[in-house]
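**Q** build the 3D model from these lines:
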Amino acid sequence: MRTANMPVFLQGYVTAEFDAAFTEKGLSHNDRINALQILLRYKYINLFSKQESIDPFMRVEAMNVELNYVAAIHIEIRETATSGLDP
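**A** Just a heads-up that it's a prediction; the model follows:
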């Protein structure tokens, strides 16, 4: 399992939640048997066009702006035997 563009502080939490959901569906995560490649890709969308250039995780403390954004996690699951994932 890999992550892309995900803030470091979210990586452990998101991968643990994905594993829990995977297990709940009767599937198991095994790094030694890679029948599937999983990529969790993080993206945020600022809700106001004036804030598009502001990264909510790289803000300067002096910046006094309340950011409004939606975070999305795209999940890509592929069989390793048939195709790979691009980073």
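**Q** where does the protein dip in pLDDT?
**A** Where the chain drops to pLDDT under 70, the residues are 29-32, 51-63, 65, 82-87.
**Q** show me where it has its helices.
**A** 8-24 (DSSP state H).
**Q** for residue 47, which non-adjacent residue is closest in space?
**A** In space, residue 47 comes closest to residue 68 once its chain neighbours are excluded; the distance is 4.3 Å by C-beta to C-beta, 6 or more residues apart in numbering. (Glycine included, C-beta is placed from N, CA and C.)
**Q** any figure for the gap between the one you found and residue 13?
**A** 22 Å (C-beta to C-beta, to the nearest Å).
**Q** distance of the residue nearest to residue 47 from residue 48?
**A** Here the criterion is C-beta to C-beta. By it, residue 68 lies 6 Å from residue 48.
**Q** enumerate every residue touching residue 20.
**A** Taking C-beta atoms under 8 Å, 6 or more residues apart in numbering as the definition of contact, residue 20 has no neighbours.
**Q** so how far is residue 67 from residue 6?
**A** Spatial separation of residue 6 from residue 67 under the definition C-beta to C-beta is 18 Å.
**Q** same thing with residue 73?
**A** Using C-beta to C-beta, residue 73 is found at 18 Å from residue 67.
**Q** can you list the buried residues in stretch 42-53?
**A** Taking 16 or more other C-beta atoms under 10 Å as the neighbour-count basis, stretch 42-53 is seen to contain the buried residues 42, 46.
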